[in-house]
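Trainee: Sequence plus predicted model, see below.
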Amino acid sequence: MINLSHLGPADPVKIIVGASSQDYPGWIPTQEEDLNLLNRSDWEESFGSRRIDVILSEHVWEHLTYDEGMEAARICFDYLKPGGYIRCAVPDGNFPNEWYQNMVKVGGPGPADHPAASHKIVHTYRTLTRMFEEAGCKVKLLEYCDDSGVFHREEWDPQDGFIYRSFRFDHRNKDGELGFVSLIVDAVKE
């Protein structure tokens, strides 16, 4: 359960799901033990009638099957304020890099203790968009590779949800070369 007692009634509620070591001022980091994406009662106990302004998720949704991702998107949608959004980043199934695709593939590249070993899906902009739209969101693509592997990006403000594994911030992207990308969307509750 998440404790919101430090927030005033008008303070924005901004949470990071699957935060790991992410901890940004003004954001509430959570782990699966605190807030399970698939357990509606966790959300009810944590938020009650309070609604969330922003849900930040960096490389979490690939650990859910498509159906689990749909359920998680629906739960998140229900707890978002109108105008609130989910900033979601996942590995991009259209990024044309063999090393990258081997690293992010379903089941991961090797040992069971590798972080990617629990990957259950590799999304493309089409599957991630469809999933969030079916949950009721309007989706804005921020960074993605199209069906031909061409990388596209829109400017986005890191203050609205920082994604390290992105064009601007990942150390593997330098000198105009893409070394690691994420498929990044804002899924908005209108």
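Mentor: Nice, thanks for sending it over.

Trainee: Output the lowest mean pLDDT helix or strand found in this structure.
Mentor: The least trusted helix or strand in the chain, going by mean pLDDT, DSSP states H and E, turns out to be helix 98-104, with a mean of 95.

Trainee: Tell me the buried residues in it?
Mentor: Applying a neighbour-count criterion of 16 or more other Cβ atoms under 10 Å, one finds Tyr100, Gln101, Met103, Val104 buried in helix 98-104. Backbone N, C-alpha and C define where each C-beta goes, glycine included.

Trainee: The third one touches Ala116, doesn't it?
Mentor: Pointing back at Met103 there. Yes. Here Met103 lies in contact with Ala116, judged by Cβ atoms under 8 Å, at a distance of 6.0 Å.

Trainee: Need the residues touching each of those two.
Mentor: Pro109 (Cβ atoms under 8 Å, 6 or more residues apart in numbering).

Trainee: circling back to that earlier point, please pull up the helix or strand immediately following the least confident helix or strand of the chain.
Mentor: Using DSSP states H and E, the helix or strand that follows helix 98-104 towards the C-terminus is helix 125-134.

Trainee: circling back: for the buried residues of helix 98-104, please prepare JSON lines with the additional fields distance to Ser166.
Mentor: Output for those, formatted as JSON lines (distance: Cβ to Cβ, whole Å):
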{"residue": "Tyr100", "distance to Ser166": "14"}
{"residue": "Gln101", "distance to Ser166": "18"}
{"residue": "Met103", "distance to Ser166": "17"}
{"residue": "Val104", "distance to Ser166": "15"}
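
Trainee: and which of these is nearest to Asp147?
Mentor: Of all the buried residues of helix 98-104, Gln101 has the smallest distance to Asp147: 14.8 Å, by Cβ to Cβ.

Trainee: and the closest residue to the closest one other than its chain neighbours, what does it touch?
Mentor: Nearest non-adjacent residue to Gln101, counting by Cβ to Cβ, 6 or more residues apart in numbering: Phe95, 7.1 Å away. With contacts taken as Cβ under 8 Å, 6+ apart, Phe95 has the following neighbours: Gln101, Cys145, Gly149, Phe151, Leu178, Val181.

Trainee: Out of those, list just those in strands.
Mentor: Using DSSP state E to define strands, the subset of those located there is Cys145, Phe151.

Trainee: what's the most distant pair in the contacts of Phe95?
Mentor: The most distant members of the contacts of Phe95, if one measures by Cβ to Cβ, are Gln101 and Phe151, lying 14.5 Å apart.
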